[in-house]
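**Q** Okay, predicted coordinates and the sequence, questions at the end:
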Amino acid sequence: MNRVYILVTALAVILTAVTAYLVGKSQAETMNSYKVDKATAEKEIRQILENYYQIAGKNDFIKLGKLSRDLSAKNYRYTNELGTFSKAEALGMFENLTPRYISAGFKNMNVQIKGNAAVVKYLDTSVIKIGNKIENRPMKFTSVWIKENGKWKVSAEHSSFLLNEEKRNEIKTFYGIR
């Protein structure tokens, strides 16, 4: 499991560097152009996520879509089990969601800061209704946030559903973890 954590953290750092390159700045220039305090950054990002999940819990998908567009950086990328998607593709998927939230929330948020960038990890604990079936589908999120002009923007995001014990054991075997 430790290897997976290292791999996800390394991927987040690489995504930060690629994002900096794509917007035409060197990594050092981007990381140091606006330094933020860890406690302040964590508080600001927690507040943004709490607002997001509050809106989700009300199933206000128009407001949620607007917030998602506002929070997403120009070169935003979203990755899940189905692939990697551009901002337009990810927002399009979001607009076509059929589940409805019974409850929406997150926990276990962890923030790592470097310059004006934050790697944010948390567990989505939302309960959804698909048709007549209510499901608890916890998901892990890892995202790279960049503070630009005093506002946090999500540059890259990855989510994955938590696995059942059998699937976790298959993956442990694959990585040689006992």
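**A** Thanks, I have it.
**Q** which secondary element of this structure has the worst mean pLDDT?
**A** helix 27-32 (a mean of 46; mean pLDDT, DSSP states H and E).
**Q** Assign the residue lying closest to residue 110 once chain neighbours are set aside to helix, strand or coil.
**A** Distance criterion Cβ to Cβ, 6 or more residues apart in numbering; nearest residue to residue 110, sequence neighbours excluded, is residue 121 at 4.7 Å. Where C-beta positions appear, they are placed from N, C-alpha and C, glycine not excepted. Of the three states, residue 121 takes strand under DSSP: H, G, I helix; E, B strand; the rest coil.
**Q** any idea how far residue 141 is from residue 121?
**A** 7 Å (Cβ to Cβ, to the nearest Å).
**Q** ok, what's across the strand from residue 120?
**A** Beta-bridge partners for residue 120, by DSSP bridges, are residue 111, residue 143.
**Q** Work out for me the element the closest residue to residue 71 other than its chain neighbours sits within.
**A** Residue nearest to residue 71 in three dimensions, not counting chain neighbours: residue 154, with 5.3 Å by Cβ to Cβ, 6+ apart. Assigned by DSSP states H and E, residue 154 belongs to strand 151-161.
**Q** hang on, the earlier thing: wouldn't the residue nearest to residue 71 be in contact with residue 76 here?
**A** Yes. Using Cβ atoms under 8 Å, residue 154 is in contact with residue 76, at 6.2 Å.
**Q** so residue 40 is in which element?
**A** Using DSSP H and E, the element containing residue 40 is helix 38-57.
**Q** who does that helix touch, helix- and strand-wise?
**A** Packing partners of helix 38-57 (3 or more Cβ pairs under 8 Å, 6 or more residues apart in numbering; DSSP states H and E): helix 61-71, strand 100-103, strand 106-114, strand 117-124, strand 151-161.
**Q** most packed of those?
**A** Across the helices and strands packed on helix 38-57, the average number of neighbours (mean count of other Cβ atoms under 10 Å) peaks for strand 117-124, which reaches a mean of 21.
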